[in-house]
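Asks: The following comprises the amino acid sequence and a computationally predicted model.
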Amino acid sequence: MSVRASADALDVIATRLVAHETIKPRASRRVAYELWLRRLLATADVLGLGLAAVVTGLVEGELRVIQLLLTLPLWVLGAKLAGLYDRDRRVMRALTVDELPHLWLWAATGSIGLALMVQWLTPRAPTVGSVALFACVLFAIVALLRAVARYGWRLATPRERVLLLGFGPSSRALERKLELFPDMHATTVGVVPDDELIGDLAAAIEHHAPEGCDRVLLVQNAMHPQLVNELLAHCRAAGMKFGVIPEHGSLGTAGQLDHVADLPIVHYNTWSISRSTLLVKRLMDLAVGLPLLVLATPLLVALAVVIKLDSPGPVFFVQRRAGRRGRPFRMVKFRTMVADAEAQLANVVALDELVEPVFKLRKDPRVTRVGSWMRRTSLDELPQLINVVAGSMSLVGPRPEQLDLVERYRPESRFRLEVKPGISGPMQVYGRGELQFDERLAVERDYIEDLSLRRDARILLLTVGAVLGRRGAY
């Protein structure tokens, strides 16, 4: 199909979408739902401010509620200027963890501004400690309340309805992401295949989106500006969101969008990870891993007793895994299987017959009763803190894999050995056992090609939700 023919066909589709009588009411309802979300977030901010004032007052012995109430409009205005009420409309997967840097900036600058105002209006200035305490408490409470608000909103509102124009790897990838991430709160109502773009378009729309849609996504390998502009104009008129998904993989995994005036440019990281980044990453592993290991010691002892009472055999399972650059190391974790599990491996899976160098059984007969519970809660991974402190693993990184499986890697899959394996990582927060091998490689490649301490912190925070949700853990 020529570009002009594609433009004509998609223009007719967009025109039909605007004229479709079920679209506008649906879009208007979606606007109302999103308005309620913004109101919930603003309520969470105001409630968080009040609770932070109470907590700070109980600790410091002085409660400045009046000053806080007088500045509430300024706090909400500051959150608005920081984009804390509009981000959910722009992105398809809005997570509270992604707005934490902006939330902290809002809490810190607001607390300092409030302190300066109080100092100017009253003879007694607040101490630095009280300002810092208020900022930290406010940040923690508001982050929690915003997460609860988003969760409740998703329970109370219907999913966003997405119509895909074009069929290919990108459309299949998006549908897969909607399966893996329920917090996207969206569902596809239809996919208009390429061959139907030049057919009976009215019938295609009626068939694929009989109840209308809230968002239109154009899936196309070659994005012609005219196509995008025409669809953009039509979706604005219909009150629908519009986006473009490039052909899956055409922009790589670590591309960063930049703008020079009106010219968009996609940049890629083609340089190696700096030694300073690796050094700071190691320091973070020690600063976080060592205290966690000390604090977790009583829990480790209790779990060891439970394992010993549940089934005969050692408490720990120690196995040689592939570390950075493929160097073997001895990974330690709690035993979750029968004592002779490795001897029974050949009866469960034939490694030489695996299509891909990975296996994860939903109902492995070798798993013990307590082991099944520990796997679902990820408590069996706690002893790996020993590996983190020793330096053979990191808190965040690719999943440590067995040596015999790594030996079956194709050359293009060995990139995941460029960094230390981690207790948590992109696989654990983006689907865990639900991921197929190519999906797992994709998220790990994205992590390695754009490694940063900020991404490590984000993954650690997402790990909490992944563990509590238990999705993909078996």
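Replies: It's in. The shown structure was predicted, so the numbers you read here are calculated from the model rather than taken from an experiment.
Asks: Just give me the longest helix of this structure.
Replies: helix 23-60 (DSSP state H).
Asks: Tell me the helices and strands packed up against that one.
Replies: Helix 23-60 makes packing contacts with helix 65-70, helix 72-81, helix 87-90, helix 128-156, helix 225-238 when contacts are defined by 3 or more CB pairs under 8 Å, 6 or more residues apart in numbering; DSSP states H and E. Backbone N, C-alpha and C define where each C-beta goes, glycine included.
Asks: okay, the angle between that helix and helix 72-81?
Replies: Relative orientation of helix 23-60 and helix 72-81, computed by axes from the mean of the first three to the mean of the last three CA atoms, to 10 degrees: 130 degrees.
Asks: next one: helix 23-60 to chain centre, how far?
Replies: From the chain centre to the centre of helix 23-60 is a distance of 22 Å (CA atoms, centre = their mean, to the nearest Å).
Asks: got the residue ranges for the strands in the chain?
Replies: 160-165, 186-192, 215-220, 241-246, 256-260, 263-267, 316-322, 328-334, 394-396, 401-402, 422-424 (DSSP state E).
Asks: Need the ones you listed in CSV (columns: mean neighbour count, mean pLDDT and distance to Ala343).
Replies: Formatted as CSV, the strands of the chain follow (neighbours: other CB atoms under 10 Å; pLDDT from 0 to 100; distance: least, CB to CB, whole Å):
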stretch, mean neighbour count, mean pLDDT, distance to Ala343
strand 160-165, 23, 86, 49
strand 186-192, 19, 84, 46
strand 215-220, 22, 79, 49
strand 241-246, 18, 81, 48
strand 256-260, 9, 70, 49
strand 263-267, 10, 68, 51
strand 316-322, 17, 91, 13
strand 328-334, 18, 93, 18
strand 394-396, 26, 95, 31
strand 401-402, 18, 86, 15
strand 422-424, 25, 93, 27
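Asks: In TSV, list these along with distance to Leu295.
Replies: Below are those laid out as TSV (distance: least, CB to CB, whole Å):
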stretch	distance to Leu295
strand 160-165	41
strand 186-192	39
strand 215-220	44
strand 241-246	44
strand 256-260	37
strand 263-267	41
strand 316-322	19
strand 328-334	17
strand 394-396	15
strand 401-402	29
strand 422-424	15
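Asks: Out of these, which is closest to Gly57?
Replies: strand 394-396 (36.1 Å; CB to CB).
Asks: give me the beta-bridge partners of the residue nearest to Val228 when sequence neighbours are not counted?
Replies: Excluding the flanking residues, the one nearest Val228 by CB to CB, 6 or more residues apart in numbering is Val244, at 5.9 Å. Beta bridges link Val244 to Leu218, judged by DSSP bridges.
Asks: how many neighbours does Val429 have?
Replies: Neighbour count of Val429, defined by other CB atoms under 10 Å: 22.
Asks: what pLDDT does the residue nearest to it when sequence neighbours are not counted get?
Replies: Nearest residue to Val429, sequence neighbours excluded (CB to CB, 6+ apart): Leu462, at 4.0 Å. We have a pLDDT of 89 for Leu462.
Asks: contacting residues around Leu462?
Replies: For Leu462, the contact set (CB atoms under 8 Å, 6 or more residues apart in numbering) comprises Leu95, Val97, Val429.
Asks: Please work out how many residues are found near the residue nearest to Val97 when sequence neighbours are not counted.
Replies: Computed as CB to CB, 6+ apart, the closest residue to Val97 that is not its neighbour in sequence is Leu461, at 4.6 Å. Residues contacting Leu461 under the criterion other CB under 10 Å number 16.
Asks: Let the chain start at 24 from now.
Replies: Renumbered: residue one is now 24, and that last one reads Leu484.
Asks: Same list, the helices and strands packed on helix 46-83, but as CSV with mean neighbour count, mean pLDDT and distance to Asp308 please.
Replies: CSV is the format used below for these (neighbours: other CB under 10 Å; pLDDT from 0 to 100; distance: least, CB to CB, whole Å):
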stretch, mean neighbour count, mean pLDDT, distance to Asp308
helix 88-93, 14, 71, 39
helix 95-104, 15, 89, 34
helix 110-113, 14, 84, 31
helix 151-179, 18, 92, 24
helix 248-261, 16, 70, 44
